[in-house]
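Asker: sequence and predicted model, in that order:
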Amino acid sequence: MTFPDPATVLRHRPPAVLVRSVLDFSGERLACSSSDDGVWPWPRLLEGGAQTAGLLAGAQADGLAHDAVIADYRDVRVLAAAYTGGVTFRAVLERRVMRFWRCRIEAHGADGRPLLTALVTLAPVPRPAESP
Amino acid sequence: MTAPFVGAVVEPHRARARLPRAHLATLCEGHFPHDPIVPGAYVAGLMAELAAMLPAVRDSQRALAAVERCTFLAPLRPADDVFFTVATPAGSTEGVTIDAQVHAGAVCVARGRLRFA
């Protein structure tokens, strides 16, 4: 399966773009390489994982638009406070509830070591017409 | 990443501090060009930084183990009245559990629970 260049899909712009290229895509799973091999404090790892999840949710049939927002993070396990080097981000679709998509995300170092795992819930941006 | 909290008030079980607009704007660079919003992951990181100032965390030299949850109620945009508050809930036993909230003016935009061990 093919996947478009993340830079053409994400509404993020540098320096906020934290994924560079798609390494693997199999419908409900997506792996991306990191934008750089610099320093990755854990919040930056979490944001990179969330961007990968956003790309994955956006690629689904009837998936989220690419201006989706983060509704919540859960069970974020910080396995490394920071890491220096290239990172691989993985996202797996876990469930969909109405228009909310939940993905499990992981960040791994260049040696395969897990750095962070989490669940992220993505939501569509509320439109004015949807307001009560 | 060390947050330049301003006017931090640290008590035994509670801390509160303001984050300057300029720092929030820096966190928004590229996120997004026409609608700057602080990335939620960075909001969670800021919660953890303030929580680390609490005596229960600081004095025991515990490290952040998990963000059990962090829920976003509204977008956080750069402003002059963004305050972070952290507190130790009564009865936490395993490690140190900290509850956190972020307010922009009177509006709670995010809340979370973190665990240090």
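Answerer: Received it, and whenever you're ready, just let me know what you need.
Asker: which ones are touching A:Leu119?
Answerer: A:Leu119 makes contacts with A:73-76, A:94, A:102-105, as judged by CB atoms under 8 Å, 6 or more residues apart in numbering or on different chains. C-beta coordinates here come from the backbone N, C-alpha and C atoms, glycine included.
Asker: my bad, should have said B:Phe5
Answerer: If you count contacts by CB under 8 Å, 6+ apart, then B:Phe5 has B:17-19, B:49-50, B:84 around it.
Asker: likewise B:Leu46?
Answerer: In this structure, B:Leu46 makes contact with B:3, B:19, B:84, B:102, judged by CB under 8 Å, 6+ apart.
Asker: A:Val9: which of the residues you listed is nearest?
Answerer: In terms of CB to CB, no member of the contacts of B:Leu46 lies closer to A:Val9 than B:Val102, at 28.8 Å.
Asker: spatially nearest residue to that closest one (excluding sequence neighbours)?
Answerer: In this structure, B:Val102 finds its nearest non-sequential neighbour in B:Ala110, 4.3 Å apart by CB to CB, 6 or more residues apart in numbering or on different chains.
Asker: and that neighbour, helix, strand or coil?
Answerer: Taking DSSP: H, G, I helix; E, B strand; the rest coil as the rule, one finds B:Ala110 in the strand state.
Asker: surely it is in contact with B:Pro75?
Answerer: No. Using CB atoms under 8 Å, B:Ala110 makes no contact with B:Pro75, being 9.7 Å away.
Asker: more crowded one of those two?
Answerer: Legend: neighbour count by other CB atoms under 10 Å in any protein chain shown for B:Ala110 and B:Pro75, higher for B:Ala110 (25 against 16).
Asker: which residues of the chain fall in strands?
Answerer: I'll assume chain A. Assigned by DSSP state E, the strands in chain A fall at A:19-25, A:29-34, A:39-41, A:69-78, A:82-84, A:87-97, A:100-109, A:114-123.
Asker: wrong one, chain B
Answerer: In chain B, the strands defined using DSSP E lie at B:6-10, B:14-18, B:64-72, B:82-87, B:96-104, B:107-116.
Asker: can you redo the ones you listed as a markdown table with distance to A:Phe25 and mean pLDDT?
Answerer: Converted to a markdown table, the strands of chain B look like this (distance: least, CB to CB, whole Å; pLDDT from 0 to 100):
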| stretch | distance to A:Phe25 | mean pLDDT |
| --- | --- | --- |
| strand B:6-10 | 44 | 96 |
| strand B:14-18 | 42 | 97 |
| strand B:64-72 | 27 | 97 |
| strand B:82-87 | 37 | 97 |
| strand B:96-104 | 34 | 96 |
| strand B:107-116 | 31 | 97 |
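Asker: out of those, which is closest to A:Val120?
Answerer: For those, proximity to A:Val120 was assessed by CB to CB; strand B:64-72 is nearest, at 9.9 Å.
Asker: need the pLDDT of the closest residue to A:Glu106 other than its chain neighbours.
Answerer: With sequence-adjacent residues excluded and distances taken as CB to CB, 6+ apart, A:Glu106 is closest to A:Arg90, at 4.6 Å. According to the prediction, A:Arg90 has pLDDT 98.
Asker: so what's A:Arg90 up against?
Answerer: Contact analysis of A:Arg90 by CB under 8 Å, 6+ apart lists A:29-31, A:49, A:52, A:105-108.
Asker: quick one: stretch B:98-111 to chain centroid distance?
Answerer: The chain centre lies 8 Å from the centre of stretch B:98-111; the measure is CA atoms, centre = their mean, to the nearest Å.
Asker: ignore the last one, stretch B:46-53
Answerer: Mean-position distance between stretch B:46-53 and its chain equals 6 Å (CA atoms, centre = their mean).
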